[in-house]
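Engineer: Curious how this folds, go ahead:
(2 chains)
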There are 2 protein chains.
Amino acid sequence: MSDNLFNNNPVCSFFNIRFPIIQAGMVWVSGWKLCSAVSRAGGLGLLGSGSMKPDLLREHIIKTRTALGDEFPFGVNLTLMRKDVSDLVNVCLEEKVKIFFNSAGNPALWTEKLKSAGAIAVHVVPNAKLARKAAERGVDAVICEGVEAGGHNGVDEIPTFTLVPQVRDAVKIPVIAAGGIADGRGMAAAFALGADGVQIGTRFAATIESSASDRYKQAVVDAGESDTVLALRNIGLTRMIKTPFALQCVDYEKRGVSADETRALLGEKRERKGIFEGLWGEGQLEAGVSAGLIREVLPAAVVVENLIREYTETVQRLGGASRA
Amino acid sequence: MSDNLFNNNPVCSFFNIRFPIIQAGMVWVSGWKLCSAVSRAGGLGLLGSGSMKPDLLREHIIKTRTALGDEFPFGVNLTLMRKDVSDLVNVCLEEKVKIFFNSAGNPALWTEKLKSAGAIAVHVVPNAKLARKAAERGVDAVICEGVEAGGHNGVDEIPTFTLVPQVRDAVKIPVIAAGGIADGRGMAAAFALGADGVQIGTRFAATIESSASDRYKQAVVDAGESDTVLALRNIGLTRMIKTPFALQCVDYEKRGVSADETRALLGEKRERKGIFEGLWGEGQLEAGVSAGLIREVLPAAVVVENLIREYTETVQRLGGASRA
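Structural biologist: Predicted structure coming up:
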């Protein structure tokens, strides 16, 4: 392990972690087991509150802290558009959560409250324009998420490759890249483009400690380079594995159906059915395009270890610009 | 300039060039002026035959060779699906062209003929599956082009970030990355992902030597991070700047119109009108999403110089993983 590579890394010093690797707070995936495994391995684990009611979130916070002790930090991902977001925030502050990763909402709404409670507030953005806005609102860092990412996506469909340098040029606060990163080559590429750290979703969703169903994890492993698709454009762009349900969404889009018809097709609990229950036919199996790079289910600590080894090899290879 | 960075680079030794930078052979953009300027600056210039009749291509080959002498190599981009492709090939072989970059067609059709004439044949692919097939057919190298690229795109819509490592893992021949690369950070990222070289389009389209109209070049400079769009999905996916025509295409797609209706909308000579004549309202201004990173029209040699300087800075920065 080459800790010295990250000696001056602002993400590492900010969160007091060994490696600038954030595990995304994914619905039905990121519970206390995954979160604590990643934090213990030297990254930053996040609880995904998107699929939790306030009481369940409290339970996961307590279990994570019990697993980690005081030595390792962790954070919570909040979906700011949720109706009960203030209940979730209150649970977090009561349980003394110190790191928040906030998505799908206005950074003006919660940043001040979280920061005045002594917490770090990071905001997820899909473009440089919102990165600048989030920085002006006082967030401590931004995650810029490219259209490669699994699950919900920004309407602009900007890919990681051009998003990261434009966000880097737009703000002075730390920039964390997300979308498409599943190995150490991708991590090094994100750093080359200007990122200070990476947030990784799908690779961690296919780990032993992930709460997702075995069927979902196998679907990620089986997915090839073109087996995810962007769907549900007229009600909320979402990247998912090409299941029968996903193909039905694509067909709806091709026929130009209305948002109401798409909503009727979506129905309820598709994410739960797909990710947590592993129902291939009717579920929504959210995953990033990086699924094509994922070939086995691994323990989360091995994922972190591989990322750092490959990152180090890549940086050394670039020094000579010859192929490894 | 850090030539030593590319001492063992297979793309440099293959084409006998100083820097592993290929200038894309773009319609209405890549004539003898641009091609010879890039080759003279140490990259590899390509003539874009896609907008040329055989006689015009011959004229550009002769002018390029006159401008370059024997010292600097250059190549020709062929669109294999064109009806008169055999006429174009004959012109090239008569004029002793030694480097071919072929796109939009089956590598089985021309590779053997070109190679038996002593030429190098490179094939453009949109996914790892076709990269493997092209390698089996004997092509000398592949260009893998992500959905970030301007103009015509593969149906899978795979972004550069996940495309490059999967193509790298699929073939042993040199891999050239394309799509989204406009500066040295992007070039370093492509190398981190596993590329041996880069092909760059839009950045070179907005140079002094580009044959595109001044209006087109200014549109590239003016474009922000989300000012290109993928359109014409049902007749041939194409990335272009969001002009009134492009937005009309998007509207057609949203309404689920037929391929015939889309073809009727497209009509004829949209690329010529957009790129060469600079007609903002009715033209098709093809450009990559990297247009957001391009802030001024520059001489081609300065583009090459900037790429190498930024690449070198990026590789040095990664060695310490601290921000520049």
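
Engineer: Name the residue of the stretch 1-150 of chain A that lies nearest to chain B.
Structural biologist: Distances from the stretch 1-150 of chain A to chain B, computed as Cβ to the nearest Cβ, single out residue A:8 as the nearest residue at 3.5 Å. Backbone N, C-alpha and C define where each C-beta goes, glycine included.

Engineer: Could you check how many residues crowd around that residue?
Structural biologist: By other Cβ atoms under 10 Å in any protein chain shown, 12 other residues sit near residue A:8.

Engineer: and whichever residue of the stretch 151-300 of chain A sits closest to chain B, what is it in contact with?
Structural biologist: Distances between the stretch 151-300 of chain A and chain B by Cβ to the nearest Cβ are smallest at residue A:256, namely 2.5 Å. Contacts for residue A:256 (Cβ atoms under 8 Å, 6 or more residues apart in numbering or on different chains) come out as B:253, B:254, B:255, B:256, B:257.

Engineer: touching chain B at all, stretch A:133-149?
Structural biologist: Yes: for a cut-off given as Cβ under 8 Å from any Cβ of the partner chain, stretch A:133-149 has contacts with chain B, namely A:146, A:147, A:148.

Engineer: How about the secondary structure of the last one?
Structural biologist: Under the three-state scheme (DSSP: H, G, I helix; E, B strand; the rest coil), residue A:148 adopts coil.

Engineer: Give me the pLDDT value at the nearest residue to it once chain neighbours are set aside.
Structural biologist: Setting aside the residues directly before and after it, residue A:148 is nearest to residue A:180 in space (Cβ to Cβ, 6 or more residues apart in numbering or on different chains), at 3.3 Å. Looking at residue A:180, its pLDDT reads 98.

Engineer: and if you look at residue A:200?
Structural biologist: Looking at residue A:200, its pLDDT is 98.

Engineer: my read: it touches residue A:25, true?
Structural biologist: No: look at residue A:200 against residue A:25 with Cβ atoms under 8 Å: they stay out of range, at 11.5 Å.

Engineer: what number of residues lie near residue A:317?
Structural biologist: 17.

Engineer: If you could redo that for residue A:248, that was the one I meant.
Structural biologist: As a measure of burial, residue A:248 has 13 neighbours, counting by other Cβ under 10 Å.

Engineer: I'd guess it is in a helix, am I close?
Structural biologist: Yes: assessed by three-state DSSP, residue A:248 belongs to a helix.

Engineer: Which residue is the nearest non-sequential neighbour of it?
Structural biologist: Spatial nearest neighbour of residue A:248, excluding adjacent residues (Cβ to Cβ, 6+ apart): residue A:265 at 6.6 Å.

Engineer: Pull out the buried positions in stretch A:131-148.
Structural biologist: A:131, A:133-135, A:137, A:139-148 (16 or more other Cβ atoms under 10 Å in any protein chain shown).

Engineer: Show me which pair in these is furthest apart.
Structural biologist: When Cβ to Cβ is used, the two most widely separated members of those are A:137 and A:148, lying 26.0 Å apart.

Engineer: pretty sure the residue nearest to residue A:248 is touching residue A:252, no?
Structural biologist: Yes: in this structure residue A:265 lies within contact range of residue A:252 using Cβ under 8 Å: 6.0 Å.

Engineer: ok, and the closest non-adjacent residue to residue A:133?
Structural biologist: Leaving aside its sequence neighbours, residue A:133 sits nearest to residue A:107 (Cβ to Cβ, 6+ apart; 7.0 Å).

Engineer: what about that neighbour, neighbour count?
Structural biologist: So residue A:107, with other Cβ under 10 Å, has 23 neighbours.

Engineer: Please read off the pLDDT at it from the model.
Structural biologist: Model confidence at residue A:107 (pLDDT) stands at 88.

Engineer: same thing with the one 3 residues further on?
Structural biologist: According to the per-residue confidence, residue A:110 scores 93 in pLDDT.

Engineer: Please apply the same query to residue A:319.
Structural biologist: Residue A:319 is assigned 85 on the pLDDT scale.

Engineer: List phi and psi for residue A:142.
Structural biologist: The phi and psi values for residue A:142, taken as degrees, to the nearest 10, are phi -120, psi 150.

Engineer: Residue A:103 against residue A:85, yeah?
Structural biologist: No: the pair residue A:103 / residue A:85 is not scored as a contact, 11.2 Å apart, by Cβ under 8 Å.

Engineer: Spit out the residues that contact these two alike.
Structural biologist: Here residue A:103 and residue A:85 have A:78, A:79 as joint contacts, going by Cβ under 8 Å, 6+ apart.

Engineer: ok but residue A:165 is inside a helix, no?
Structural biologist: Yes: the assignment for residue A:165 is a helix, going by three-state DSSP.

Engineer: Could you report the pLDDT at it?
Structural biologist: Note on residue A:165: pLDDT of 98.

Engineer: so it sits right up against residue B:185, yeah?
Structural biologist: Yes: with contact defined as Cβ under 8 Å, residue A:165 reaches residue B:185; the gap is 5.3 Å.

Engineer: Spell out which residues are contacts of both of the two.
Structural biologist: A:193, A:194.

Engineer: Buried residues, the top helix by length along chain A. List them.
Structural biologist: If you go by DSSP state H, chain A has its longest helix at helix A:300-320. Counting neighbours by 16+ other Cβ under 10 Å, one finds that the buried residues in helix A:300-320 are A:300-301, A:303-305, A:307-308, A:310-312, A:314-315, A:317-318.

Engineer: Tell me the secondary structure of residue A:182, please.
Structural biologist: Assigned with three-state DSSP, residue A:182 falls in the coil class.

Engineer: For it, which residues are in contact?
Structural biologist: Neighbour list for residue A:182: A:200, A:202, A:203, A:288, A:290, A:291, A:293, A:294, B:162 [criterion: Cβ under 8 Å, 6+ apart].

Engineer: Which ones among the residues you listed map onto strands?
Structural biologist: The strands, defined by DSSP state E, take in residue A:200 from those.

Engineer: Take the contacts of residue A:182 and lay them out in a markdown table including distance to residue A:158.
Structural biologist: As requested, the contacts of residue A:182 are exported to a markdown table (distance: Cβ to Cβ, whole Å):
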| residue | distance to residue A:158 |
| --- | --- |
| A:200 | 19 |
| A:202 | 19 |
| A:203 | 21 |
| A:288 | 15 |
| A:290 | 16 |
| A:291 | 20 |
| A:293 | 20 |
| A:294 | 23 |
| B:162 | 15 |
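
Engineer: what's the closest of the contacts of residue A:182 to residue A:29?
Structural biologist: residue A:202 (9.3 Å).

Engineer: Run through the residues that contact that closest one.
Structural biologist: Counting by Cβ under 8 Å, 6+ apart, residue A:202 has contacts A:150, A:182, A:220, A:287, A:288, A:290, A:291, A:294.
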